[in-house]
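A.B. asks: A predicted structure for the sequence below; I have some questions about it.
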Amino acid sequence: MTPLIAAAVLLAAITHASWNAIAHGIKDQLVAFTLVSGGGAVIGAVPVSYT
């Protein structure tokens, strides 16, 4: 496994754990869903902008 792939997998795991912890800590589920979706959109827009 190349270092780039290992770093991408590690970053994905950390990001997933972080937004799950944030989402479970917010009592209003609509706000939690909006924040998680918005974060995913921002993270997803970065690689798309480089293509």
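C.D. replies: That came through fine. Residues are numbered from 1 along each chain as shown.

A.B. asks: this protein: helices as residue ranges?
C.D. replies: Applying DSSP state H to the chain gives helices spanning 3-25, 29-49.

A.B. asks: dump the ones you listed into TSV; add mean neighbour count as well.
C.D. replies: Every residue, glycine included, has its C-beta placed from N, CA and C. As requested, the helices of the chain are exported to TSV (neighbours: other CB atoms under 10 Å):
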stretch	mean neighbour count
helix 3-25	11
helix 29-49	11
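
A.B. asks: got JSON lines for those helices, with mean pLDDT too?
C.D. replies: Formatted as JSON lines, the helices of the chain follow (pLDDT from 0 to 100):
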{"stretch": "helix 3-25", "mean pLDDT": "88"}
{"stretch": "helix 29-49", "mean pLDDT": "85"}
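
A.B. asks: do you know how far residue 9 is from residue 1?
C.D. replies: Distance of residue 9 to residue 1, computed by CB to CB, to the nearest Å: 8 Å.

A.B. asks: which residues touch stretch 14-23?
C.D. replies: Residues from elsewhere that reach stretch 14-23, judged by CB atoms under 8 Å, 6 or more residues apart in numbering: 32-33, 35-36, 39-40, 43.

A.B. asks: what's the spacing between that stretch and its chain's center?
C.D. replies: A distance of 7 Å separates the centroid of the chain from that of stretch 14-23, by CA atoms, centre = their mean, to the nearest Å.

A.B. asks: stretch 41-51 now?
C.D. replies: For stretch 41-51, the distance to the chain centre is 12 Å (CA atoms, centre = their mean).
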